[in-house]
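Quick one, fold the following:
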Amino acid sequence: MNNTQQTARVGLFFVGGLALVWVAFATLSGGHLFKAKGYTVVAQFGDLKDLKTGDEVRMAGVLVGSVETTRLAGRGAEAVLRLDPGIAVPADSTATIAMSGIIGTDHVAIDLGTASAPALADGAFIQTKVTPDLNSVMAQLGELGQKLEGALGTFQTAVIGNGEPGGGLFQKLDKLVTDNSEKVGVTMTNLQDITTKLNRGDGTLGKLINDSKLHDDLLATVDQLKAASAQANTLAADARGVVDHVKSGQGALGLLLYDPATADNLKTSVQNLRSVSDKLASGQGTLGKLINDDSLYTNAQVTMKKADRAIDSLNDSGPITAVGIVAQSLF
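Purely as a prediction, here's the structure:
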């Protein structure tokens, strides 16, 4: 072995040693030769899914850091996120584990939050939200498929049947039509007879359909009803006007109902009439005595009899004698 081959082998061995040292260093330190820049925030999840060290951290779709490490924490897990310096994350921002495409790797997505919220400090916890991943979606789709399969089986049993006689809807309909085929035929015949009569104009309905005069009469009746309705509306408007006049105190009825002076005068007149009727009933005054005193009636009858006798005596005597007889009869 010459010196050239020996030198080449030593060089290859040295390069391989350096490669092994670099792999070990990258494994232990995450591939960072110097101390990582930026600051960290902690995101706590119930399940980190397939998130691992080195995965991207994106904010509004922009790469702003990476996952520095993952660890268990109580009943869940935590992901320590290394964010680039100068990236301010509002305290009300929310971190979720998202998937980069359908078959891509997971990454942490942070929303923008609100501009007025203070920024998270180094080592602070960020709010998290659980989103369904592909596995959970597929599981839900599987459960949905099973439920759909069961529903379709139930529907098939209800519509088609399970092989037993009369079990499905179609079998029941077929049996119903078969058992009532004669009645269905009679019904169709009756319907055909009815439509034939309607086309000929038989019966009231047929005349209404085929007789144009009945149609015109019906329209005339409708017009009369409309006219009557208009007259009723006019009458109602007139009645409303009369009521308004009465309420405003116009006319005799309005004065009686809404004018206090007229009402008082009417009340006084009624009281006077009652007083006069009471006096007449008790025999007060001349008219009361004429109505209630029988002696005036008796005296009047006596006077009339005396006048009758005086007239009879005049027929038998002369004028001078007649005057004396009348005077004697009266006095």
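
Give me the distance from stretch 48-67 to the chain's centre.
Mean-position distance between stretch 48-67 and its chain equals 49 Å (Cα atoms, centre = their mean, to the nearest Å).

CA atoms only: put it into PDB for me.
C-alpha atoms of stretch 48-67 as PDB (Å, rounded to 0.1, in the frame of the first residue of the first chain):
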ATOM      1  CA  LEU A  48     -50.800  16.500  19.600                       C
ATOM      2  CA  LYS A  49     -51.800  14.000  16.800                       C
ATOM      3  CA  ASP A  50     -48.800  13.700  14.500                       C
ATOM      4  CA  LEU A  51     -47.100  16.900  15.500                       C
ATOM      5  CA  LYS A  52     -43.400  16.600  16.100                       C
ATOM      6  CA  THR A  53     -40.300  18.600  16.700                       C
ATOM      7  CA  GLY A  54     -39.300  20.800  13.800                       C
ATOM      8  CA  ASP A  55     -42.800  21.100  12.300                       C
ATOM      9  CA  GLU A  56     -43.700  24.600  11.100                       C
ATOM     10  CA  VAL A  57     -45.600  27.300  13.000                       C
ATOM     11  CA  ARG A  58     -47.600  29.600  10.700                       C
ATOM     12  CA  MET A  59     -49.500  32.700  11.500                       C
ATOM     13  CA  ALA A  60     -52.000  33.800   8.900                       C
ATOM     14  CA  GLY A  61     -50.300  31.300   6.500                       C
ATOM     15  CA  VAL A  62     -46.900  32.900   7.000                       C
ATOM     16  CA  LEU A  63     -44.000  30.800   8.500                       C
ATOM     17  CA  VAL A  64     -43.100  32.400  11.800                       C
ATOM     18  CA  GLY A  65     -41.300  29.600  13.700                       C
ATOM     19  CA  SER A  66     -41.200  25.900  14.400                       C
ATOM     20  CA  VAL A  67     -42.000  23.400  17.100                       C
END
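
outside of it, which residues touch it?
Residues outside stretch 48-67 that contact it (Cβ atoms under 8 Å, 6 or more residues apart in numbering): 30-31, 38, 68-70, 77, 79-84, 87, 89, 93, 97-98, 100, 105-112, 133, 135. (Glycine included, C-beta is placed from N, CA and C.)

Mark which of these are buried, thanks.
38, 68, 70, 77, 79, 81-83, 89, 93, 97-98, 106-111, 133 (16 or more other Cβ atoms under 10 Å).

Sticking with K213, tell me its helix or strand.
For K213, the element it lies in under DSSP states H and E is helix 212-247.

same for that helix, what does it pack against?
Other elements packing on helix 212-247 under the criterion 3 or more Cβ pairs under 8 Å, 6 or more residues apart in numbering; DSSP states H and E are helix 203-210, helix 251-258.

per-stretch mean pLDDT over the ones you listed, give me the minimum one.
In terms of mean pLDDT, the lowest-scoring of the helices and strands packed on helix 212-247 is helix 251-258 (a mean of 65).

That one: what's the following helix or strand?
Downstream of helix 251-258, the first helix or strand assigned by DSSP H and E is helix 260-282.

In terms of secondary structure, what does that following helix contact?
Under the contact definition 3+ Cβ pairs under 8 Å, 6+ apart, helix 260-282 sits against helix 251-258, helix 285-292.
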